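Trainee: I would like to see how this sequence folds:
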Amino acid sequence: VGSGPFAFVERRTKSYIKLQGFDRHWGRVPKVGDVTLKIVPDDQARVAQVQTGESDIATNVPPVLVRPLQSSPNIEVVRVPSFGNVYLLMNCVSNPWLAKPEVRRAFNMAIDKATLLKTVLFGYGTLEELPCISAITGCDVPPEPYGYHPDKARDILVKAGFDFNKPLRFIGLGEGRVAQSRETVEGTAFFLNKVGVKTDIQILDYGAWIATEGAKTKDPSVDLLFAYFTDYNSDPSGRLTRSVRTGAAYSWYSDPTTDAMLDH
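Mentor: Sure thing, here's the model as predicted:
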């Protein structure tokens with residue numbers, strides 16, 4: 001702030017931030033003058049401002065709103081890769097069933113991720129079939145993806161003695177932060193329900209959701225958690241440390257062997 005190609009002018013909390021292009025910048029001279037970054041949480045309102053000419057650019061447009069925009073002659077839709085990664089956290093610390101690898105594997109096989117991508121995100125995303133997502137390097141990749149096999153998933157759960165009678169508390173994220181977050185949770189629960197896993201969905205606003213995910217002491221009543229991260233660093237050491245080490249900020253996992261490997 002102060003050494004870039006744009007200089008700070010004014011800020012109004014929850015309203016806007018005004019910047020001014022600095023034409024004597026040592027590195028990159030901006031091609032525009034004044035820039036106003038408007039805070040517009042509502043997706044529909046943000047898109048409407050571009051449609052009426054009130055704003056020039058809208059970011060983080062939900063996929064459900066993209067299709068009608070593409071047919072507008074006065075609007076250009078730009079699609080680029082993002083740093084956003086959506087995944088499902090399972091409470092392997094407090095829930096003895098989810099602590100079993102075979103149960104987690106069955107959940108993976110029970111969820112039709114390709115259909116979720118197609119129907120919930122309208123194809124705007126990249127499917128990660130493997131447990132090692134593309135943003136992480138240095139992890140062991142199995143020879144075959146788990147794929148979508150609901151019958152096999154049900155059989156694995158039955159053999160593991162899984163309790164089908166008790167609903168799993170599933171924490172989701174409300175609208176505005178991650179596109180189609182509520183629908184993603186509902187779709188995930190739908191596929192788990194199809195193999196007999198009961199779910200109790202609770203949608204939280206961003207503050208309550210991130211406090212739940214990153215709480216120092218994890219809530220033992222939470223079984224499943226919609227998760228999202230934007231970390232773009234390909235070095236896995238930092239992410240693995242905070243994501244799978246026992247007691248780490250965003251870790252809902254605990255395994256002495258894994259802890260020992262991270263220590264070395």
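
Trainee: which residues sit in contact with residue 75?
Mentor: 50, 51, 69 (Cβ atoms under 8 Å, 6 or more residues apart in numbering). C-beta coordinates here come from the backbone N, C-alpha and C atoms, glycine included.

Trainee: how far is stretch 49-65 from where the chain is centred?
Mentor: Taking Cα atoms, centre = their mean, to the nearest Å, one finds stretch 49-65 lying 22 Å from the centre of the chain it belongs to.

Trainee: cool, and stretch 54-69?
Mentor: Using Cα atoms, centre = their mean, the distance from the centre of stretch 54-69 to the centre of the chain it belongs to is 19 Å.

Trainee: Output it in PDB with nothing but the alpha carbons.
Mentor: Below are the C-alpha coordinates for stretch 54-69, written out as PDB (Å, rounded to 0.1, in the frame of the first residue of the first chain):
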ATOM      1  CA  GLU A  54     -23.200   1.600 -13.100                       C
ATOM      2  CA  SER A  55     -20.000  -0.600 -12.800                       C
ATOM      3  CA  ASP A  56     -17.500  -1.700 -15.500                       C
ATOM      4  CA  ILE A  57     -16.400  -5.000 -14.000                       C
ATOM      5  CA  ALA A  58     -18.000  -7.600 -11.700                       C
ATOM      6  CA  THR A  59     -15.900 -10.400 -10.200                       C
ATOM      7  CA  ASN A  60     -16.800 -13.700  -8.600                       C
ATOM      8  CA  VAL A  61     -19.900 -14.100 -10.700                       C
ATOM      9  CA  PRO A  62     -21.800 -17.300  -9.800                       C
ATOM     10  CA  PRO A  63     -22.100 -19.900 -12.500                       C
ATOM     11  CA  VAL A  64     -25.900 -19.800 -12.400                       C
ATOM     12  CA  LEU A  65     -25.800 -16.100 -13.600                       C
ATOM     13  CA  VAL A  66     -23.100 -16.600 -16.300                       C
ATOM     14  CA  ARG A  67     -25.300 -18.200 -19.000                       C
ATOM     15  CA  PRO A  68     -27.700 -15.300 -19.500                       C
ATOM     16  CA  LEU A  69     -24.700 -12.800 -19.500                       C
END
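
Trainee: Now tell me what touches that stretch from outside.
Mentor: For stretch 54-69, with Cβ under 8 Å, 6+ apart as the criterion, the contacting residues are 38, 40, 43-44, 46-50, 75, 77, 121-124, 179-180.

Trainee: what does stretch 31-43 give?
Mentor: Contact with stretch 31-43 is made by 6, 9, 14-21, 46, 49, 55, 58, 60-62, 65, 175-176, as judged by Cβ under 8 Å, 6+ apart.
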